[in-house]
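K.L.:
requesting a structural model of the entry that follows:
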Amino acid sequence: MERYIAKAAVLVEALPYIQAYSNKYVIIKYGGSAMSDNEHADNLLKDIVFLECVGIKPILIHGGGNLITSRMKKAGKHSSFVHGLRVTDEETVNIVNDVLLEINGRIVSKIHEYGGRAQGLTSSDKIIVAKKHYVEEINKKTGKKEKIDIGNVGDVVKIKVSPIKQITDRIGVPVIAPVGVGSNGVLYNINADTAACGIAAAVKAEKLVLMTNTRGIMEDPHDIKTLIPSLKTKDISTLIANGVINSGMIPKVKACVLALRSGVHKIHIIDARILHSVLLEIFTDKGIGTQIMR
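P.N.:
A predicted model of the protein is given here:
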């Protein structure tokens, strides 16, 4: 009997959070190496089904990092990254698109399997309008900024919100692949964090949760005790300059800043390897990762 009472107590504890976020958008980005563990992947999708069932509007944006790298290797192509962004030629962007289509369908099927409702949105739906992205670097010789072309990598120009809201209002969970389409019909590989931030800003999301394979932003990546539980946007440039935020975390947090300035209330970077991490982050005061605020 005590076990059932404890379960009831947990549900009651979650009630104020359910009421606070009812009918509001919660954006969840899921990708990279966090997707490689089937148990954790399944638990995340069950969490998303739970959110939708209690009246919250989750929107899932997924990546495909490891599988994309594997497919490229099979095609005889080497993966290289500049400032955390995958260098993407025309052949690579087609590989990216094919892999994301496959993953998208698999996620939608899994959500249905767990009793949820979902619909995929991919490059053919053209909800992410994109333009070519250039990486900026300082030339060590001249000291001037230079633009580096890394191929079919895109910036988000616009998010077509109507198809997303139609799914949340009538069907269930939109599952979105981060491939953008340019004005000339060219496909662009969009960093999944950048896409998630753009979508969160477009729908004025209550929360944006970025699932990673780290506990959050840490001053020492090997010491969990150095986890930074809360950050303000003004702190980020200093942390980048000091090397605390580096590599693939740089485009992630820069996209976070833009999303917060566009109306997203809070952003959370959390560890996908912790079971039910989304529920722990949303339905508890303390949270488990790094929270970024204006």
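
K.L.:
CA atoms for contacts and neighbours, from now on please.
P.N.:
Will do.

K.L.:
pretty sure residue 137 sits in a strand.
P.N.:
Yes. Per DSSP: H, G, I helix; E, B strand; the rest coil, residue 137 lies within a strand segment.

K.L.:
residue contacts, it?
P.N.:
145-148 (Cα atoms under 8 Å, 6 or more residues apart in numbering).

K.L.:
phi, psi for residue 144 please.
P.N.:
Note on residue 144: backbone dihedrals following degrees, to the nearest 10 are phi -100, psi 150.

K.L.:
for the contacts of residue 137, which one is nearest residue 100?
P.N.:
residue 148 (25.6 Å; Cα to Cα).

K.L.:
beta-bridge partners for that closest one, please?
P.N.:
residue 135 (DSSP bridges).

K.L.:
check the gap between it and residue 245 for me.
P.N.:
21 Å (Cα to Cα, to the nearest Å).

K.L.:
which of these two has more neighbours?
P.N.:
residue 245 (21 against 12; other Cα atoms under 10 Å).

K.L.:
where's the more buried one, which helix or strand?
P.N.:
Using DSSP states H and E, residue 245 sits within no helix or strand.

K.L.:
so it touches residue 239, yeah?
P.N.:
Yes. With contact defined as Cα atoms under 8 Å, residue 245 and residue 239 form a contacting pair (5.6 Å).

K.L.:
which parts of the stretch 101-250 of the chain are helices?
P.N.:
Ranges of helices within the stretch 101-250 of the chain are 161-170, 192-203, 233-241, 249-261, based on DSSP state H, counting those that start in this stretch.

K.L.:
dump the C-alpha coordinates for the third one into CSV.
P.N.:
As requested, the backbone C-alpha atoms of helix 233-241 are provided in CSV (Å, rounded to 0.1, in the frame of the first residue of the first chain):
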residue,chain,number,x,y,z
THR,A,233,23.2,35.5,-21.5
LYS,A,234,25.6,38.2,-20.5
ASP,A,235,28.0,35.6,-19.1
ILE,A,236,28.3,33.5,-22.3
SER,A,237,30.8,35.6,-24.3
THR,A,238,33.2,35.4,-21.3
LEU,A,239,32.8,31.7,-21.0
ILE,A,240,33.5,31.2,-24.7
ALA,A,241,36.6,33.5,-24.5
